[in-house]
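Enquirer: Quick one, structure for this:
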Amino acid sequence: MSTTKAEQSLVVLGAGVLGLTIAYLAALDDDVSFNIRVIARELPDSDTDSQGWASPYAGANWSPMELGGIDERVRKWEEKTFNKLWDMIPTGLVKLLPTRLYAAQRANISDLWWKDLVKNIRMLSPSDVPEPFKAGVAFDTISVNPAEYLPWLQSELISCGVTFERRNVRSLDELRSLVGPDGILVNASSLGSRSIIGVEDTKLYPIRGQTILVHAPGLQECLLVQSETEEATYIIPRPGKGQPDTAILGGTFQSRNWDTSLDMQIARGIFDRCAALAPCLKSAESRILKHNVGLRPGREEGPRVELERIALPLQSTHDLIPWNGSPTSDRDREQSMLVVHAYGFGPAGYQRSWGAAEEVLELVKAQVVLKHNI
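Expert: Presented below is the predicted three-dimensional model:
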């Protein structure tokens, strides 16, 4: 019986948390030897200040979101991701995060879809719930620090032989020679999939998030306020070896808002709301490090994780496809590209990353098996 692995060329478009996690699982796969190249406009080792991608600006914790309670597929992604990150706590890349969630209405733990996902869940006593809230739940969850977690993923991939190329991809035609006739493309380009020719997913839209990064040694507990408005309130302490004792204060949840400029009036509201929950933010040892504005990749109908075969060269009714600089041959006219899409995770990219990446890899490997069985 042969133990030789099947070989497969794999190009990952996008170096956010989803793209990197997919590449990581592929690089360590037991069944297929992937030759992996990551193509991205922004890379973790040099572009964490760029507002052109969302991953550096994420809260990057696990917190309950509605979609996990109504979509079983998403729930599985979240369970797998939570368990993976929980197991990574001893590495120092992930922080065990005691959390309190305050709500305007009373609820029972039995009604919470996520009650069996988190650890040590319990209702808060009325004396532990600040005004004006009516109820609260305490539980243990996790957070990561994008400034350390993303570069760690990239360095792990490089050590596995994965190559990285900085490129601003405007059309899938540009990737034809890289992917090749037998390769597979993973499209993890986030909001970029709205404008990349060949994808052009108009269901994508931005969700503007504004936050404040603070140094606050007195903050060791995550505080969340349940909200259904664009104005969110949360305090998320982070792990950090290079920069310990930091936390993210938030925030906003402004759908279809493309504005990446800083609004100091919003910042004042964020700080005041968070300081009302955690007065230590006004102490002498606390200080503001940075203001952040990022665009989360929201999508109507939820995240897109699916396989698509795209005919190349691209055709359109308007005859405005850019020339990609290579001649068109008869072979090119018959070529198609296998694409596995993985984008549109909104505010939940980190907390669904490992589970969604596992499903993407399953889709990729199914095509590898199919090819070798033909």
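
Enquirer: Just list the residues touching the closest residue to Ser227 other than its chain neighbours, thanks.
Expert: Nearest residue to Ser227, sequence neighbours excluded (CB to CB, 6 or more residues apart in numbering): Thr233, at 6.7 Å. In short, each C-beta sits where N, CA and C put it, glycine included. By CB atoms under 8 Å, 6 or more residues apart in numbering, Thr233 lies in contact with Leu223, Leu224, Val225, Ser227, Gly250, Gly251, Ile270, Arg273, Cys274, Leu277.

Enquirer: And the last one, what's its pLDDT?
Expert: Turning to Leu277, the model gives it a pLDDT of 97.

Enquirer: Pro244: how many residues sit nearby?
Expert: Using other CB atoms under 10 Å, Pro244 is surrounded by 11 other residues.

Enquirer: my read is the residue nearest to Ser227 is in a strand, agree?
Expert: Yes. Per DSSP: H, G, I helix; E, B strand; the rest coil, Thr233 lies within a strand segment.

Enquirer: Identify the residue nearest Tyr102 in space, chain neighbours excluded?
Expert: Distances taken as CB to CB, 6+ apart place Phe133 nearest to Tyr102, at 4.1 Å, with adjacent residues excluded.

Enquirer: The one you found and Thr233, how far apart?
Expert: 11 Å (CB to CB, to the nearest Å).

Enquirer: list the residues that contact both of these two?
Expert: The contact sets of Phe133 and Thr233 overlap at Val225 (CB under 8 Å, 6+ apart).

Enquirer: Check which element follows the helix or strand of the chain with the lowest mean pLDDT along the chain.
Expert: Lowest by mean pLDDT, DSSP states H and E among the helices and strands of the chain is helix 330-333, with a mean of 48. Remark: after helix 330-333, the chain's next helix or strand is strand 336-343, criterion DSSP states H and E.

Enquirer: quick check: mean pLDDT across stretch 286-303?
Expert: Rounded mean pLDDT across stretch 286-303 is 97.

Enquirer: swap in stretch 341-352?
Expert: Per-residue scores along stretch 341-352 average to 98.

Enquirer: and if you look at stretch 245-264?
Expert: Mean pLDDT, computed over stretch 245-264, is 97.
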